[in-house]
Structure formats: structure tokens, C-alpha cells
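Asks: pasting the sequence and the predicted model now:
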Amino acid sequence: MNFKDTFCSSPWLHIRLTSSGEYNFCRWKRSKTEDKSYNINDISPAEYFQIGMDDVRSDMLNGNPIDECQWCYNMEKYKKISGRQKQLLKTGIVLDDFEKTTLASPYYSQFQKSANNEKITVLPVDWQIDLGNYCNGACVFCTPRYSSKISSEFIKLGMIDETPPKAWSQNPVLVDKFIDTLVKTKNIKYLHFIGGETVITPAFKKILKELIKYGLTTASIGFTTNLTVWDDEVNELLAQFEQVNLGMSIEALHPINDYARYPSKIGHVREILDRWVALGKKNNWLMQLRTTPTWMTIEYLDTIFEYAIVNNIGVESCNFLSDPRFMRMNLLPVDLRQLAIDKLATWIEQNKEYINPLVQVNTRNPSIVRETVMEDALSYLNYIKEAELQPELLPELVSYLKQIESSRNNSILNYIPHYEEFLRSGGY
């Protein structure tokens, strides 16, 4: 089998439904545009899964690198556990024993059908469901697509001309079409919901109630919250599912989090974080801290890893951030990059007992949580050591900061004053 380095089983088990109703073949797909050919307004998720993924399945089986898979390729380059590795594991495939485990995979017959240009006979059992951009937060690295608050702010500042289209989840007919596909699917495994802020999005509560109504509580429910809200009714609904995967978005246990995840306040965030962790442990939920390291927060990433190690919960970031490009860690000059390297390397050395070179790619295995946290920490250390410098992006960053700070009446230098020389060099 000569496609080991590019093959992914995701298109045979997974589907993503974007906030505007378009379908994607993967939750990690890297693309600035969506495939407008397939929308839940026009065809059901089942129809898309049967006919809309044939080309990508063919490329996978022929060993062709896929442009939209660059995020995963890049993660593996720096030894970060990739989405591709996670999806392979869900179908029983392990890269270290690729040929044998592929032949033994319960999905092997479906791979064969695709290889023979036959219609596969399964429906997606693994989902990412984008509910829309309804959100009470305006993270400085976010976009209108994922935050209604930042969308309104960008409109006022003249940074965009129109708001994103209405979310599919606001249409009861489309929600019913989505639920209908789930009801017809055998052995739904995982449904991951994102927003916006999932907990306050009305459709999240509605869909949970529908899943309970149809007895689909054996599915694992995943969702991500921004640690600013609490809803007892949502918690009661979640308690009826056999497994919940709780993602908690935070960048640092440091005041820089207030700037990065505006308008949150770290004291309140920490209070809500501790509350979620207590609830998760009570209900035996799987928990991860969700982080999106940028040039402004990478120096404080060790605070996230430390909280995770102390509380025995995971850390998960979907990829090395690439968009907005001016938020990349690559902008940092050598001296500031070295600060982050030294700090993270020191933390890793202090916790080296948890380093396991044989760690599995299953980041949600509760028996190796601390080991996978260390795996993530090492991947970021590798990245900031080796990733290319991109100082040419600094003027673009400074222009953006000036615009956004004029609306928020704040300054990044109030949080990281030792970055002043760096930012002034770009015109701040």
C-alpha cells in the first residue's frame, strides 16, 4: 500500500455541516471557500455522503496529496497528533502497522467499494455540526463567520460590508432534515457541535432534545464553550447522554487572555472553568482545554499545560493557526520567540516524567491524558523552534490592532509591555 502518508479514512465515516449549510468532507479541511455545490437546503446529508465525496475518496486511495489536507500534513511535520491520525484510529488503522491494520479495518469493505467505483453502503457516524456564529465573545483572532459580536463590530468599523448568511440551524425544516439522517443511521458514534458559543445557541438545546426524543443518547456529544456562560438546563440535557466530550476554550491563565478572548475577564473565566471541570469529573465526561496559540499568547501556553496536568484533563488545538495569517506565531522575532521557547522548554523539563515516546494517537484515552498533554506541548516547542519567520506580516497585524483597539479602547501593550519594541517597529 503506497498511500500511507496521505490516506485518511475520514471520508468514509465523517461529515461536516457548516454554519451556512454547506457540507465538507472533513472537520479539519483547510479551505477559505466552501463547496457551494452541496448544501442542506438542496440535498440531505445522506445524499451528499453517498455522492459528494467520490472524488476525494478516489484521491485518498490513489495516494494523491490533497490541498485541503495541508493542516494535517503540517501538524505531522512537527510531530503534533493530526486529525488524519485520529480519524484513522477511529477505523482501526495505525500508521506504525498501516497495511495490516488497514486490511483488518471494519471499513475495509467500504474502501474496496470506492476503489471499484461502487456506492458505499454506510452513512456518516462521526459529525461536526457548525450551528452558526451566535456568540457573546469577540476573540481578537476570530472572524465574523464564528462570532456575531465580532461581525457587528467589523460592520461598524467598515471592515466588512455584510454579515455572514443566516445559519441553517435557524430553519426548523433543515433541523428536521438533519435529525432524519441521524435517525436512519446505525450506530452514531460522535456528534461535535461548535458555534459561536454553543451553550447559548438555541439550536443546540433544540437538537439535544430531539436526540433524546428519538433515543439517540448512545452517541457521544462533543461541544466547545468559551467559559463565560453557564446553563443548568443544558447540563441536565447533556447528563442524559452516555458520553460527553467537553471542550473549554482558553488561551492562557494570564491577563493576556482578556485581550485575546475579548471581552472576557480572567477571574470570571477561571471561576467558570473550575465549575465545568468539577461538573465534568462528577459526570465522568472527557474534557479538553481548547486553545488557539497566537503570537501574543504562545509565551503563556505553559499555564494551560500546567492546569491540564494538575487537573488530569486534555489539551487540544485543532491545528497550528494559519488564518488570520497575521495572528500566526511565525511573526515573532528571534528574541521574543526565544522567550516562549525557554518558558515552554522549562515547563516540559519540570514535567518530563509524563513524556512517553510510545504515546498513542488517541488523545481522548483517559488513561494517558497527561502523556498526550506532553505530546502537544512538545509539538508546540518543535513548531516555535523550527517554523519560518514571517516578519513581513507585522504591518498587517499592526493595522488590524489599531482598527480593533479603536473600537475596544484597549491596548495590547497593557498586557504584554515587553512586546513594545517589536510592535513599534511595525508602526504601532
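Replies: It's in. Keep in mind it's a predicted model, so treat the numbers as computed, not measured.
Asks: next helix or strand past the least confident helix or strand in the chain by mean pLDDT?
Replies: For the chain, using mean pLDDT, DSSP states H and E, the weakest element among its helices and strands is helix 70-77, scoring a mean of 85. As assigned by DSSP states H and E, the chain's next helix or strand after helix 70-77 is helix 83-90.
Asks: now do the least confident helix or strand of the chain: which elements does it pack against?
Replies: helix 83-90 (3 or more C-beta pairs under 8 Å, 6 or more residues apart in numbering; DSSP states H and E). Backbone N, C-alpha and C define where each C-beta goes, glycine included.
Asks: what sits up against stretch 379-386?
Replies: Residues outside stretch 379-386 that contact it (C-beta atoms under 8 Å, 6 or more residues apart in numbering): 75, 78-81, 293, 298, 301, 320, 329, 332, 337, 340-341, 344-345, 348.
Asks: try 7 Å this time
Replies: Stretch 379-386 has contacts (C-beta atoms under 7 Å, 6 or more residues apart in numbering) with 78-80, 293, 298, 301, 320, 329, 337, 340-341, 344-345, 348.
Asks: now that stretch: mean pLDDT?
Replies: What stretch 379-386 shows for mean pLDDT is 93.
Asks: element containing Val277?
Replies: helix 266-283.
Asks: now that helix: buried residues?
Replies: Buried residues in helix 266-283, counted by 16 or more other C-beta atoms under 10 Å: 266, 269, 272-273, 276-277, 279-280.
Asks: could you do stretch 392-405 as well?
Replies: 393-394, 397-398, 400-401, 404-405.
Asks: format those residues as CSV; extra columns: secondary structure.
Replies: Formatted as CSV, these follow (DSSP: H, G, I helix; E, B strand; the rest coil):
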residue, secondary structure
Leu393, helix
Leu394, helix
Leu397, helix
Val398, helix
Tyr400, helix
Leu401, helix
Ile404, helix
Glu405, helix
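Asks: and the strands in the chain, which stretches?
Replies: 14-17, 23-24, 126-130, 190-194, 220-225, 243-249, 286-290, 314-316 (DSSP state E).
Asks: and those: which comes nearest Leu95?
Replies: strand 14-17 (17.9 Å; C-beta to C-beta).
Asks: pairing partners for the closest one, with directions?
Replies: The pairing partners recorded for strand 14-17 under DSSP bridges are strand 23-24 (antiparallel), strand 126-130 (parallel).
Asks: give the residue farthest from the middle of this structure.
Replies: No residue in the chain sits farther from the centre than Asn116, which is 33.5 Å out by C-alpha atoms, centre = their mean.
Asks: what's the neighbour count on Asn64?
Replies: 13 (other C-beta atoms under 10 Å).
Asks: my error: substitute Leu389 in the last question.
Replies: Around Leu389 there are 12 other residues, counting by other C-beta under 10 Å.
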